[in-house]
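Q: quick one: sequence plus predicted model below, questions after.
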Amino acid sequence: MSWFKPVAHEHIQKSRAVIALVEQHDYAVEMLRTDRPGYVVYEDDFQTFATPFADTPR
């Protein structure tokens, strides 16, 4: 899974624009928030990619 960090204001704003377009075509989009993204496999200043912990609900 991938997560934006709270400081990624511009990235989040642009994602919301894409989400609006996707929803106009009847696709469901769900935003998730977590303090425990899982085992981090990559991260930079704006995003984290992680494998969820085994006890994370899916």
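A: Alright, I've got the coordinates. Residues are numbered from 1 along each chain as shown.
Q: hmm, residue 53 is touching residue 36, no?
A: Yes: the pair residue 53 and residue 36 qualifies as a contact (C-beta atoms under 8 Å) at a distance of 6.5 Å. (C-beta placed from N, C-alpha, C; glycine too.)
Q: for the most centrally placed residue in the chain, what are phi and psi?
A: The centre of the chain sits closest to residue 3, judged by C-alpha atoms, centre = their mean, with a distance of 3.4 Å. Residue 3 adopts backbone torsions of phi -140, psi 140, taken as degrees, to the nearest 10.
Q: residue contacts, it?
A: Listed by C-beta atoms under 8 Å, 6 or more residues apart in numbering, the contact partners of residue 3 are 34, 37, 47-50.
Q: name the SS class of residue 17, please.
A: Under DSSP: H, G, I helix; E, B strand; the rest coil, residue 17 falls in the helix class.
Q: which of the contacts of residue 3 are buried, as a PyMOL select command?
A: To isolate the buried members of the contacts of residue 3 in PyMOL, using 16 or more other C-beta atoms under 10 Å:
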select buried, resi 37+48+50
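Q: between the contacts of residue 3, which is closest to residue 18?
A: Minimum distance to residue 18 across these is 14.8 Å, recorded for residue 47 (C-beta to C-beta).
Q: can you name the residues bridging to that closest one?
A: residue 4 (DSSP bridges).
Q: for it, list the residues it contacts.
A: Counting by C-beta under 8 Å, 6+ apart, residue 47 makes contact with 2-5, 8, 11.
Q: how deep is residue 23 tucked in, by neighbour count?
A: 11 (other C-beta atoms under 10 Å).
Q: okay, and the residue lying closest to it once chain neighbours are set aside sits in which element?
A: Leaving aside its sequence neighbours, residue 23 sits nearest to residue 29 (C-beta to C-beta, 6 or more residues apart in numbering; 5.8 Å). Under the assignment given by DSSP states H and E, residue 29 is not contained in any helix or strand.
Q: show me the contacts for residue 29.
A: Applying C-beta under 8 Å, 6+ apart to residue 29 gives the contacts 19, 22-23.
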